[in-house]
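>>> dropping a prediction and its sequence here:
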Amino acid sequence: MKTSERVLELLTRSETYLSGQELADRLQLTRAAIWKAIEQLRKAGYQIDSKPHVGYRYTDSDTLNQTAILQALSLDLDLELQVFDSLPSTNLKAKELGLNTTSQTPLVVIADHQTAGYGRYHRDFISPKNTGIYLSILLANKSPDFDPGLLTTATAIAVTRTLEKTLALKPTIKWVNDVLVDDKKICGILTEGITDLETQSLSQVVVGTGLNFLTEISTFPPELQARVGTLAPYVKKNRLSRNRFIATYLNEFFKIYQNYTTGSFMDEYRAHCDLIGKHVTIQRPTGTLEAQVIDINGHGALVLENGKVLNSGEVIKVRKV
């Protein structure tokens, strides 16, 4: 661990100012080394306040801080967390790490920036630095009958609960994996699997979440700006940091993940997904279809009036009956 990282960890864990001498003594470094580390942290975007003859204090900001996230997690939550400045994709990194571990402990991969982020159908997911939340969770699969639709819908509810708790918003869900605020997409969810080549069984699952936290709409191509949203106005008003949002989301995700296979959250999902009773046009790899939605079943699939049950697809138009 670098000196600056060690200093940041001590400052983050402290509720009071720490003097330069105290930091130096704890880390067995010189005062000059501590001062240099503090300056490096400030240049990296961390907010380190200082008072003459008192010391230094960390204040949470929008710069990702692994220690701050871990501190805000539920005490009973056991997971591994890795934070990166930049990755091609957090889902790709999680899958790469999954191939080299047999650990049953959930692994969370977070990046400040993605250079090749993607969503369903490998569509580009624009992921500028310093403003978004790009997070993937690697989970050991314990079920021979894994239901990706149910886990995706559970994740959407974890996101909506987090938005309601931290920003007092009323988000909606565009079936199956987009979370909307003010009728615009602010979050996408992508669930992928890792297959054991020897047994040909699904050994691990990756749940990726990409969220426009402080992202400016002007960042997106003109053709997307009418459909894409951002939490920026709400985040700034509530002075909410990425670290606190991430910790709250992880707490909500693992709270629901414990029993997600029961589908006990599906009434909550239906309440957020305003499709029942509507006529929809759905885009699928085989073409489009139009039908009225009569229900969302216990596995998160659409039940249509013509008897079809759809586990995947993209709703591209909604009309009232």
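Nice, I can see it.
>>> next, count neighbours for the closest residue to residue 81 other than its chain neighbours.
What sits nearest to residue 81 in space, not counting adjacent residues and going by CB to CB, 6 or more residues apart in numbering, is residue 108, at 4.8 Å. C-beta here means a position set from N, CA and C on the backbone, and glycine is covered the same way. Neighbour count for residue 108, taken as other CB atoms under 10 Å: 24.
>>> and what of residue 21?
11.
>>> what about residue 10, how many residues close to it?
Close neighbours of residue 10, defined as other CB under 10 Å, add up to 18.
>>> quick one: the strands in the stretch 201-321 of the chain, in order.
With DSSP state E, counting those that start in this stretch, the ranges of strands along the stretch 201-321 of the chain come out as 201-211, 278-284, 287-296, 302-304, 309-310, 314-320.
>>> most neighbours per residue, which of those?
strand 201-211 (a mean of 21; mean count of other CB atoms under 10 Å).
>>> quick one: it to chain centroid distance?
Mean-position distance between strand 201-211 and its chain equals 12 Å (CA atoms, centre = their mean, to the nearest Å).
>>> the nearest residue to residue 85 once chain neighbours are set aside: neighbour count?
Once flanking residues are discounted, residue 85 sits nearest to residue 112: 5.4 Å by CB to CB, 6+ apart. By the measure other CB under 10 Å, the count of residues near residue 112 is 22.
>>> repeat that for the one 4 residues further on.
Counted by other CB under 10 Å, the residues lying close to residue 116 total 12.
>>> check what pLDDT the nearest residue to it once chain neighbours are set aside gets.
Distances taken as CB to CB, 6+ apart put residue 88 closest to residue 116, at 4.1 Å, once the chain neighbours are dropped. On pLDDT, residue 88 comes in at 98.
>>> pretty sure residue 88 sits against residue 113.
No - the pair residue 88 and residue 113 does not pass the contact test of CB atoms under 8 Å, sitting 10.1 Å apart.
>>> hmm, back to that, do you know the pLDDT at the residue nearest to residue 81?
98.
>>> I figured it hits residue 134, correct?
No - using CB under 8 Å, residue 108 is not in contact with residue 134; the gap is 11.4 Å.
>>> okay, now the unreliable bits of this structure?
For the chain, the stretches with pLDDT under 70 are 197, 199.
>>> and it, what are its domains?
Following automatic domain parsing, the chain resolves into domains at 3-59, 66-271, 275-320.
>>> just the helices in this protein please.
3-13, 20-27, 31-43, 66-71, 90-98, 148-167, 232-238, 242-257, 266-272 (DSSP state H).
>>> contacts for the third one, please.
Residues outside helix 31-43 that contact it (CB atoms under 8 Å, 6 or more residues apart in numbering) are 3-4, 6-8, 20-21, 23-24, 27, 48, 50, 56.
>>> of these - the most surrounded one?
Most surrounded of these: other CB under 10 Å gives residue 7, at 29 neighbours.
>>> these two touch, right, that one and residue 23?
Yes - using CB under 8 Å, residue 7 is in contact with residue 23, at 6.1 Å.
>>> could you give the number of residues near the nearest residue in space to residue 115 that is not next to it in sequence?
Spatial nearest neighbour of residue 115, chain neighbours left out: residue 88 (5.2 Å); criterion: CB to CB, 6+ apart. For residue 88, the count of nearby residues is 15 (other CB under 10 Å).
>>> and the gap between residue 88 and residue 155?
22 Å (CB to CB, to the nearest Å).
>>> repeat for residue 31
47 Å.
>>> ditto for residue 132
Applying CB to CB to residue 132 and residue 155 gives a distance of 17 Å.
>>> again, but for residue 39
40 Å.
>>> which one of those two has more residues nearby?
Using other CB under 10 Å as the criterion, residue 39 and residue 155 rank with residue 155 on top: 26 against 12.
>>> tell me who's in contact with residue 70.
Taking CB under 8 Å, 6+ apart as the test, what residue 70 contacts is 81, 247.
>>> right, I mislabeled it, should have said residue 161
Residue 161 neighbours (CB under 8 Å, 6+ apart): 252, 256.
>>> residue 214: neighbour count?
Residue 214: 18 surrounding residues under other CB under 10 Å.
>>> ok, it touching residue 62?
Yes - between residue 214 and residue 62 a contact is recorded at 6.5 Å, counting by CB under 8 Å.
>>> shared neighbours, the two?
Counting by CB under 8 Å, 6+ apart, the shared contacts of residue 214 and residue 62 are 130-131, 242.
>>> of these, select the buried ones using a ChimeraX command.
Buried subset of those, written as a ChimeraX selection, criterion 16 or more other CB atoms under 10 Å:
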select :131,242
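>>> and which of the shared contacts of residue 214 and residue 62 is nearest residue 82?
Nearest to residue 82 among these, counting by CB to CB, is residue 242 at 15.6 Å.
>>> how much space between that closest one and residue 185?
Distance from residue 242 to residue 185, by CB to CB: 19 Å.
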